[in-house]
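Asks: Need a 3D model of the sequence below.
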Amino acid sequence: MTATLPATARVISQWLDQFETALKEGDIEQAAQLFGDESYWRDLIAFSWNIVTVEGRDGVRDLLASTLDRVRPHGFEVAEDLGEPAEAGGVAESWIRFETAIGRCVGHLRLRDGKGWTLLTTMYELIGHEEQQGDRRPRGAEHGANPNRQTWLERRTHEAEELGHTTQPYTVIIGGGQGGIALGARLRQLGVPTIIVDRNPRPGDAWRNRYKSLCLHDPVWYDHLPYIDFPKNWPVFAPKDKIGDWLEMYARVMELNYWGSTECRSAKYDETKGEWIVVVERDGAEITLRPQQLVLATGMSGKANIPTFEGMDVFTGDQHHSSQHPGPDAYRGKRAVVIGANNSAHDICAALWEGGADVTMVQRSSTHIVKSDSLMTIALGGLYSEEAVAAGMTTQKADLTFASLPYRIMHEFQIPVYDEIRKKDADFYARLGAAGFLLDYGDDDSGLFMKYLRRGSGYYIDVGASELVAGGDIKLESGVDVVRLTETGVVLTNGKELPADLVVYATGYGSMNGWAADLISQEVADKVGKVWGLGSNTTKDPGPWEGEQRNMWKPTQQQALWFHGGNLHQSRHYSLYLALQLKARMEGIPTPVYGLQESHHLR
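Replies: Residues are numbered from 1 along each chain as shown. Model (predicted):
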């Protein structure tokens, strides 16, 4: 049969046939020999019930030795509906499909010199626990006569009144931003009783409450939520309040049990009963929830990192972290000092300048800058753009394509992208440098996305503020730090004192396990360890190498505690795998975890 296929498809199919034969026969060594000396297998829960990457033949052997007997993978084939196999530069690649004993899976394979170079395997569906969509969608209307008929509204009202009171949710999600909402939607479709808890009154308030000039710096094609895409007339860069309204609409139409104006006071895991004791305050009343799973979806940009400088207690002007910045309206004619030089710092500086303030940015360390237009066309355009959609690219294919590149080698693909951007925008970078701005392109010149994955900071997607810095409209003090605040200003290490009526600390955010310390205990936070980063041993991402995002979307050292979040793209994509992990546990499906992450760093 394979002899009639085009050459690339034939090579891929032959490899898959050999791989499946080795797996069926339990011949782990034969399977490992199908991979090259340099090879990477990234598994999103299909084999490992984890999010993990193994490297080389030894990694393949170890993964299969631990998982093959129970996984029983079979039916490997080219997934032609996702795209035809292709070959370029000596690398053959193809989308693939297969099944395991419990799940339906999709993946991606790259062969180099006939050997496996990269393999992505992902589970997207539990057999027997499929989402009710497509030809399985609910009927909605009950035809015929029934004196005890309940309307949809009556059923929803009854559920909302009981859940958390007379019945307990299986999962509680702390945090109702895009991460909590995306995960809540996935769990709803899988029939996992879930309550989302958020201190804000309405879904979307986490966006509405930020500084008024905030808008998405990522383009619309990158930012869809599960199940419901933004409409075709949605702006490329959505303003914060528009995102807030979308999230509120989404939570309603996806029928989420969203408890707004609810604050989590504490959480403790009962080892004996295998459940959490989560105390929340809602409408002035204390309620104790007892879910079996607890998800912290409190956001990477949620735990404000507020510095401590001498004199903060004597400064007579306004001072606040960027997350609390109200916008520029009250500061016309005032002198503003913004500590920091990343996304929020630039946005706030530009808005203050537009609002008539005298603005100085204090850049303490170098920053990676990339112009939004260049990012869209050169870095994202092939996967997330109108042109990509017109060429047949879907959100699922784009997400899986991104996921198919192991983090160990992703920088090798990113470096040429940012080299091209540096050449295209050379004049722009030269003007910034001439203004004294300290530029970098990442520790290895791999640019924005690797900085984001490694440390979640240190960059700005330029939507206009950089021109103000280059032109001197936003004043700049670079390569300096703050010594102290006085009653009326900020003293820097270069000896200057900047007069100030306002100081904004655009100093970023701490690790998400800080929320675990606040809500559960410092002991649990330390047990889990640092959240985010790859272990790349680059700036702010200490080793050892992890190969995946620390503690995100996967089991942690604390039983039944999970972290979920990231940007809209990650919240959308990885919510599927977290939801399936939770659903499997609810249904009593065995979920032995391969490669449970160790804790090497506390924060």
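Asks: When you work out contacts or count neighbours from here on, use the C-alpha atoms and nothing else.
Replies: OK.
Asks: first to last residue in stretch 349-365, what's the distance?
Replies: 17 Å (CA to CA, to the nearest Å).
Asks: typo on my end, stretch 325-340
Replies: Terminal residues of stretch 325-340 are spaced 14 Å apart (CA to CA).
Asks: do the same with stretch 395-409
Replies: Across stretch 395-409, first to last residue, CA to CA, it's 23 Å.
Asks: Give the rounded mean pLDDT of it.
Replies: Over the span of stretch 395-409, the pLDDT mean works out to 96.
Asks: Just the buried positions in that stretch, please.
Replies: 395, 398, 399, 400, 403, 404, 405, 406, 407, 408 (16 or more other CA atoms under 10 Å).
Asks: Show me how far that stretch is from its chain's centre.
Replies: 13 Å (CA atoms, centre = their mean, to the nearest Å).
Asks: swap in stretch 26-37?
Replies: For stretch 26-37, the distance to the chain centre is 33 Å (CA atoms, centre = their mean).
Asks: Same check on stretch 57-74?
Replies: The answer for stretch 57-74 is 28 Å, by CA atoms, centre = their mean.
Asks: next one: stretch 98-110
Replies: In terms of CA atoms, centre = their mean, the centre of stretch 98-110 is set 23 Å apart from its chain centre.
Asks: got the buried residues of stretch 395-409 as a markdown table, with distance to residue 21 and secondary structure columns?
Replies: Listed next are the buried residues of stretch 395-409 as a markdown table, based on distance: CA to CA, whole Å; DSSP: H, G, I helix; E, B strand; the rest coil:
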| residue | distance to residue 21 | secondary structure |
| --- | --- | --- |
| 395 | 32 | helix |
| 398 | 30 | helix |
| 399 | 29 | helix |
| 400 | 26 | helix |
| 403 | 26 | helix |
| 404 | 23 | coil |
| 405 | 26 | coil |
| 406 | 25 | coil |
| 407 | 29 | helix |
| 408 | 29 | helix |
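Asks: show me the contacts for the residue nearest to residue 349 when sequence neighbours are not counted.
Replies: Residue nearest to residue 349 in three dimensions, not counting chain neighbours: residue 359, with 6.3 Å by CA to CA, 6 or more residues apart in numbering. For residue 359, the contacting residues are 335, 336, 337, 338, 349, 352, 353, 473, 474, 475, by CA atoms under 8 Å, 6 or more residues apart in numbering.
Asks: Tell me how far residue 359 lies from residue 344.
Replies: 14 Å.
Asks: The contacts of residue 359 in helices, which ones?
Replies: 349, 352, 353 (DSSP state H).
Asks: what about burial for the residues you listed, which qualify?
Replies: 349, 352, 353.
Asks: Of the ones in helices among the contacts of residue 359, which is the nearest to residue 388?
Replies: residue 349 (33.9 Å; CA to CA).
Asks: now the strands: where do they sit in the stretch 401-550 of the chain?
Replies: Taking DSSP state E, counting those that start in this stretch as the criterion, the stretch 401-550 of the chain carries its strands at 459-462, 475-478, 482-485, 489-492, 497-499, 502-505.
Asks: Would you format the contacts of residue 359 as TSV with pLDDT and distance to residue 575 included?
Replies: Output for the contacts of residue 359, formatted as TSV (pLDDT from 0 to 100; distance: CA to CA, whole Å):
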residue	pLDDT	distance to residue 575
335	98	43
336	98	40
337	98	39
338	98	35
349	97	34
352	97	36
353	97	39
473	98	42
474	98	40
475	98	42
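Asks: Buried members of those residues into PyMOL, please.
Replies: Command for PyMOL that selects the buried part of the contacts of residue 359, burial taken from 16+ other CA under 10 Å:
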select buried, resi 335+336+337+338+349+352+353+473+474+475
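Asks: Distance to residue 55 for the contacts of residue 359 - can I get that in TSV?
Replies: What follows is the contacts of residue 359, written out as TSV (distance: CA to CA, whole Å):
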residue	distance to residue 55
335	54
336	50
337	47
338	44
349	44
352	49
353	50
473	50
474	47
475	48
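Asks: Correct me if wrong: residue 127 contacts residue 104.
Replies: Yes: counting by CA atoms under 8 Å, residue 127 touches residue 104, with 6.7 Å between them.
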